[in-house]
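> What follows is a protein structure lacking sequence information:
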């Protein structure tokens, strides 16, 4: 029998994303001290991160998300989310389901059916917001993206990640995780 977990979506906010960053689950894209304070003639470059060569070269993908089914997974390297809507289309909501737990702590709770709603968050993401629409999902952060079952145009967004990055899917047989009111 599946354990049911109901998540209440929260609006994306700078405060929420900064909390996720402090927990080392995501990294917001913002200028570095080096690039802000450079005094050189030509400027400065800061590398946020480079992917491990074992996962391949970097790739940029466009994702059309149509599922409302929460299927958690994680990656062994970072991936970047770019939530642009350059065509100004009216999308249904896009949600990021994210676990506050990582590694052995997550897997122990997950496999012993002790995962609870307080261990996860559902964030209604925002498009075209310079402070909230670009962020890095850090490696081994358990997450998934979904939309809802309402009528309308499904959301479309961009992800940049290593070209050979594996999607480590978790079994859906233990939990029925869903959005609630």
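Great, that's in hand. Remember, it's a predicted structure, so these values are computed and weren't measured experimentally.
> Quick one, grab the pLDDT at the closest residue to residue 83 other than its chain neighbours.
Once flanking residues are discounted, residue 83 sits nearest to residue 133: 3.8 Å by CB to CB, 6 or more residues apart in numbering. Every residue, glycine included, has its C-beta placed from N, CA and C. Per-residue pLDDT puts residue 133 at 97.
> In terms of pLDDT, where does the residue positioned nearest the centre of the chain sit?
Centroid-nearest residue in the chain, with CA atoms, centre = their mean: residue 137, separated by 5.1 Å. The confidence metric pLDDT takes the value 98 at residue 137.
> what do you get for residue 141?
98.
> tell me which element the residue of the chain positioned farthest from its centre falls in.
Distance from the C-alpha centroid of the chain, by CA atoms, centre = their mean, peaks at residue 41 (36.7 Å). Under DSSP states H and E, no helix or strand contains residue 41.
> list the contacts for residue 155?
Residue 155 is in contact with 64-65, 91-94, 127, 147, counting by CB atoms under 8 Å, 6 or more residues apart in numbering.
> run the last query once more with 10 Å
Counting by CB atoms under 10 Å, 6 or more residues apart in numbering, residue 155 touches 63-66, 83, 85, 89, 91-95, 125, 127, 145-148.
> among those residues, which are in strands?
Secondary structure from DSSP state E places 63-64, 95, 145-146 of the contacts of residue 155 in strands.
> picking up where we left off before, buried ones among the contacts of residue 155?
Among those, the ones that count as buried by 16 or more other CB atoms under 10 Å are 65, 83, 91-92, 94-95, 125, 127, 145-148.
> ok, back up a step: my read: the residue nearest to residue 83 touches residue 80, true?
No - applying CB atoms under 10 Å as the test, residue 133 and residue 80 come out as separate, 11.2 Å apart.
> Please report the distance of residue 20 from residue 7.
Per CB to CB, to the nearest Å, residue 20 is found 15 Å from residue 7.
> Neighbour count for the two, which is higher?
More crowded of residue 20 and residue 7, by other CB atoms under 10 Å: residue 20, with 22 against 17.
> Please report the confidence value the model assigns to the more buried one.
pLDDT, residue 20: 97.
> Got the phi and psi for it?
Phi and psi for residue 20, reported as degrees, to the nearest 10, are phi -60, psi -40.
> Run through the bridge partners of the residue lying closest to it once chain neighbours are set aside.
Excluding the flanking residues, the one nearest residue 20 by CB to CB, 6+ apart is residue 26, at 4.8 Å. Residue 26 has the following beta-bridge partners by DSSP bridges: residue 137.
> Residue 26 reaches residue 121, doesn't it?
No - look at residue 26 against residue 121 with CB under 10 Å: they stay out of range, at 11.2 Å.
> Find residues that contact each of those two.
19-20, 96, 98, 143.
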